[in-house]
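Q: Sequence and computational prediction follow.
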Amino acid sequence: MKIYEDNELKLMSSIVTIGAFDGLHRGHLALIERTVTCAKQRGVPSVVYTFDPPPRSFLQQKQILMSVSEKVELVKKYGVDHIVIANFDQMYAAKTPLDFIHEIKLLHPQQINVGPNFTFGKGKQGDVNVLADHFNVYVQPFVVCEDGEIISSTRIRGLMEKNELEQVKNLLGRPSLEKIKI
Ligand SMILES: Cc1cc2nc3c(=O)[nH]c(=O)nc-3n(C[C@H](O)[C@H](O)[C@H](O)COP(=O)(O)O)c2cc1C
Ligand SMILES: Nc1ncnc2c1ncn2[C@@H]1O[C@H](COP(=O)(O)OP(=O)(O)OP(=O)(O)O)[C@@H](O)[C@H]1O
């Protein structure tokens, strides 16, 4: 897997997934698996486009669930070809949805896979509908756990605070944040 610590990767064709992916829970992993499978079927590279630090931690001082090197290590195990790690700072956060779309166009994605709640651009102005005006977008239905609740990094942060580690393992689908697979 090739790692790009700027957001200037250019490809002729690709399948892309985008997100903070903090903690790499079962919802994130479903998106990454779909991206890799689809890329292999079509014979084009798979790309995970992520942010460091996670926007929620930079903008709202939320706890970071995993380091960028742990994230890279786990993403690599899933057979991803390229990972872009955009430096999320004030200047980056101020980009408009259209600025971001122009960057993603450099990847020439045949398909972009995101979850229903994906947002992007200054003030979270871009959503899946805006993205779909410019790209072929697949919206992965929410992955939920047994009680029907949506799995999210926010929920995992809350469970960690209460030390509910069994439930954390369940949402991650593996024994700990760092461990690769069960
Ligand atoms: C170019 C760009 C600018 C962003 N600016 C903001 C912002 O101003 N405020 C905010 O809360 N989030 C901002 N975000 C974060 C997104 O809303 C979102 O959290 C991020 O794209 C990760 O998606 P995910 O939360 O679905 O993983 C920005 C994201 C991108 C790509
Ligand atoms: N449970 C889920 N099922 C399917 N897709 C998901 C799920 N949770 C997040 N996603 C998608 O994964 C990508 C990364 O999302 P993100 O990193 O914001 O995760 P999150 O768990 O929603 O985080 P947070 O709780 O901090 O907002 C986005 O495209 C998002 O829509």
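A: The structure has been received and is ready for your questions. Note that the structure is predicted; figures quoted are calculated from it, not measured. Ligands and ions are numbered 1, 2, ... in the order given.
Q: so how far is the helix or strand bottoming out on mean pLDDT in the chain from its chain's centroid?
A: Ranked by mean pLDDT, DSSP states H and E, the weakest helix or strand in the chain is helix 165-172, scoring a mean of 90. Its chain's C-alpha centre and that of helix 165-172 lie 19 Å apart, by CA atoms, centre = their mean, to the nearest Å.
Q: swap in stretch 117-124?
A: Distance, centroid of stretch 117-124 to centroid of chain: 13 Å (CA atoms, centre = their mean).
Q: and it, what's its mean pLDDT?
A: On average, the pLDDT along stretch 117-124 is 97.
Q: Please apply the same query to stretch 82-89.
A: Averaged across stretch 82-89, pLDDT comes to 97.
Q: and residue 107, that's in a helix?
A: No - looking at residue 107 with DSSP: H, G, I helix; E, B strand; the rest coil, it is coil, so not inside a helix.
Q: before we move on, back to that, who are the packing partners of the least confident helix or strand of the chain?
A: For helix 165-172, the contact count by 3 or more CB pairs under 8 Å, 6 or more residues apart in numbering; DSSP states H and E identifies helix 153-161 as packing neighbours. Where C-beta positions appear, they are placed from N, C-alpha and C, glycine not excepted.
Q: what helices or strands is the helix it packs on leaning on?
A: Using 3+ CB pairs under 8 Å, 6+ apart: helix 153-161 touches helix 165-172.
Q: Please export the C-alpha coordinates of the helix it packs on as CSV.
A: Output of helix 165-172 as CSV, limited to C-alpha atoms (Å, rounded to 0.1, in the frame of the first residue of the first chain):
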residue,chain,number,x,y,z
LEU,A,165,-14.9,-2.7,26.8
GLU,A,166,-17.0,-5.8,25.8
GLN,A,167,-19.4,-3.6,24.0
VAL,A,168,-16.4,-1.7,22.3
LYS,A,169,-15.1,-5.0,21.1
ASN,A,170,-18.5,-5.8,19.6
LEU,A,171,-18.7,-2.5,17.7
LEU,A,172,-15.1,-2.9,16.4
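Q: Run through who's touching that helix.
A: Residues outside helix 165-172 that contact it (CB atoms under 8 Å, 6 or more residues apart in numbering) are 23-26, 145-146, 151, 155-156, 159-160, 175-177.
Q: Quick check: buried residues in that helix?
A: By neighbour count on 16 or more other CB atoms under 10 Å, the buried set for helix 165-172 is 167, 168, 169, 170, 171, 172.
Q: That's all I had, so thanks and see you.
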